[in-house]
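*Asks:* Generate a structure from the sequence data that follows.
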Amino acid sequence: MGDIKDKTILHLQCHFGQDSISLSRLGGKVTGIDLSDTAIAAADELAQKCGTNTQFICTDVYNLPNILDQKFDIVFTSYGTIGWLPDLDRWAKVISHFLNPGGKFIMAEFHPVVWMFDDDFEGVKYNYFNEKAIVETYEGTYADQSADIVQEYVMWNHSLAEVLQSLINNGIAIHQFREFDWSPYPCFRHVEEFEKGKWRIPQFGNKIPLVFALETQKKSS
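*Replies:* Numbers count the residues shown, from 1 in each chain. Down below sits the predicted model:
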């Protein structure tokens, strides 16, 4: 992201605001948004404890243009976000709407190839392409797989072509795109840490991508 001091930053799907607050502490003027009122309440409390002026708004991504009237130097999102969104063209329109001309959209996300496999990575279970909503019931949460919680989730898998083309179609140019054969989080089953802070699925090793990242820029005209 480079030097973000005094840059205005919009953090989409910020959850409880940990990354938003970190960006504030690096000098950014940050607004974080998330659908969960519980997460936003926790984010506000955490920002107060950290002594930052990070702003938080409770809303879904698609509704944000109806309640926020501001433009930003950077729009940012990361890890486990777009899978909750059915329509990436609408998502890209929101990003374009909030970016200043020449502003950057920066994203890091789990690779869609990972979401094709069953939870134990024993075989391909899901379509790589966004064919339809994926409805599943899970025990526990991604933060605590042993939690005594049973919930139904509705998710969508988005191919790389869908991600990139939605941005291109809305006036956002791709400047950098990278894929990584490791994850910075041990959020999948059976992963192993092969280097400090880097996890892989043992039977796949470095043969499949687990994460992708991109840097883009809104066209000036």
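
*Asks:* gap between the nearest residue to Q13 once chain neighbours are set aside and T38?
*Replies:* Leaving aside its sequence neighbours, Q13 sits nearest to T81 (C-beta to C-beta, 6 or more residues apart in numbering; 4.2 Å). No exception for glycine: its C-beta is placed from N, CA and C like everyone else's. T81 sits at a distance of 17 Å from T38 (criterion: C-beta to C-beta, to the nearest Å).

*Asks:* neighbour count winner among these two?
*Replies:* T81 (19 against 10; other C-beta atoms under 10 Å).

*Asks:* just checking, that one touches L12?
*Replies:* Yes. If you go by C-beta atoms under 8 Å, T81 and L12 touch, sitting 6.7 Å apart.

*Asks:* check contacts around the residue nearest to Q13.
*Replies:* By C-beta atoms under 8 Å, 6 or more residues apart in numbering, the residues touching T81 are 12-13, 109.

*Asks:* Check which residues of the longest helix along the chain are buried.
*Replies:* The longest helix of the chain (DSSP state H) is helix 37-50. Neighbour counts over helix 37-50 (16 or more other C-beta atoms under 10 Å) mark 39-40, 42-44, 46-47 as buried.

*Asks:* next one: stretch 162-180
*Replies:* Residues of stretch 162-180 classed as buried: 162-164, 166-167, 170-172 (neighbour count, 16+ other C-beta under 10 Å).

*Asks:* farthest pair in the residues you listed?
*Replies:* The distance between the two most remote of those (C-beta to C-beta) is 17.0 Å, for E162 and G171.

*Asks:* Can you name the next helix or strand after the longest helix of the chain?
*Replies:* Following helix 37-50 in sequence order, the next helix or strand is strand 55-58 (DSSP states H and E).

*Asks:* what about that following strand, distance to the chain center?
*Replies:* Strand 55-58 sits 16 Å away from the centroid of its parent chain (C-alpha atoms, centre = their mean, to the nearest Å).
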